[in-house]
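> sequence isn't available, so here's the structure alone:
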C-alpha cells in the first residue's frame, strides 16, 4: 500500500514540478485549444529550439503532453495535451458565430465532433470535408448509435462551399489542417478511425473528440 501511495505521490510531484516554470506554462497556454508542432510552439512562445526541446521533454516525462506523428506529412509531429487537469487556470476564451469541424472526407471525425458539440453547446455547429466522401461511414453511424448521439447532417459536405468568414474552423485531422493552413483556427490531431478500421478505432476517436469538445465548449461564446 505504501509503495503504491508513494508512486502516486511521486507522479503528482513530477507533474507539479513540470508546471512550475513560466516557459512550460507558455507551452500549455499555446496547447490549451489546439495541437501544435514544435516549430509552431516556438513561433508562438518565442522560445529557442533547444529550450523548447527541453520543456517538451519535461512535460512528456510528467505525462502532461504527448507526441503524435502526422497522418499527412509524416515528417511532422504534433504535441497534444494528455492531461486536461493542467488547464484549470490556463487558456484563452474565444467567440464565434458558428463552429465548423473539418476533416478530409467529412465521413467520421468531423461528423462525430459536430454531433457532440450540438449536445454540449448552444453555439451553432456544422461539419465539412476538404475532399468529402459520398456517404458518412458505417463505423461513424454505429458509434453514434451506441453513444445515443444524433448526427447533425445526412451526408458529407464540401468545406469550400460550407465555410463562412465568421466560422471558428476546427480541423480534426492532420491532412485537412496541413491542406488548409492558416484557414484553420484550432487543430486536433485525431487518428482516422476509417483508416484503422474496427469498432475500437471508432470508439477511441469518439472518446478523444468528446474529451476535446468538453474542453473547448466552455471557452467558446456565441458572438
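Here it is on my side, so go on. None of these values were measured; they are calculated from a predicted model. Numbering: from 1, shown residues only.
> and residue 165, backbone torsions?
phi -70, psi -20 (degrees, to the nearest 10).
> could you number the chain from 704 rather than 1 from now on?
Renumbered: residue one is now 704, and that last one reads residue 868.
> give me the distance between it and residue 801.
Applying Cβ to Cβ, to the nearest Å, the value for residue 868 to residue 801 is 11 Å. Heads up, the C-betas are built off the backbone N, CA and C, glycines and all.
> which one's more surrounded, these two?
residue 801 (17 against 5; other Cβ atoms under 10 Å).
> just checking, residue 845 is part of a strand?
No. Counting by DSSP: H, G, I helix; E, B strand; the rest coil, residue 845 falls outside a strand, being helix.
> for the residue nearest to the spatial centre of the chain, give its distance to residue 783.
Against the mean C-alpha coordinate of the chain, by Cα atoms, centre = their mean, the closest residue is residue 891 at 2.7 Å. Applying Cβ to Cβ, the value for residue 891 to residue 783 is 8 Å.
> hey, what's in contact with both of these two?
Residues within reach of residue 891 and of residue 783 at once, by Cβ atoms under 8 Å, 6 or more residues apart in numbering, are residue 738.
> how many other residues sit next to residue 848?
11.
> and residue 742, by the same measure?
Residue 742: 12 neighbours (other Cβ under 10 Å).
> which strand or helix spans it?
Assigned by DSSP states H and E, residue 742 belongs to helix 741-748.
> give the buried residues for that helix.
Within helix 741-748, the residues that count as buried by 16 or more other Cβ atoms under 10 Å are 741, 743, 744, 745, 748.
> which strands and helices lie in contact with it?
helix 725-734, helix 752-764, strand 780-784 (3 or more Cβ pairs under 8 Å, 6 or more residues apart in numbering; DSSP states H and E).
> residue 861 and residue 831 touch, don't they?
Yes. Between residue 861 and residue 831 there is a contact under Cβ atoms under 8 Å: 6.3 Å.
> circling back to that earlier point, among the helices and strands packed on helix 741-748, which is nearest residue 840?
Across those, residue 840 has its closest neighbour in strand 780-784 (23.2 Å, Cβ to Cβ).
> bridging residues for residue 782?
residue 739, residue 770 (DSSP bridges).
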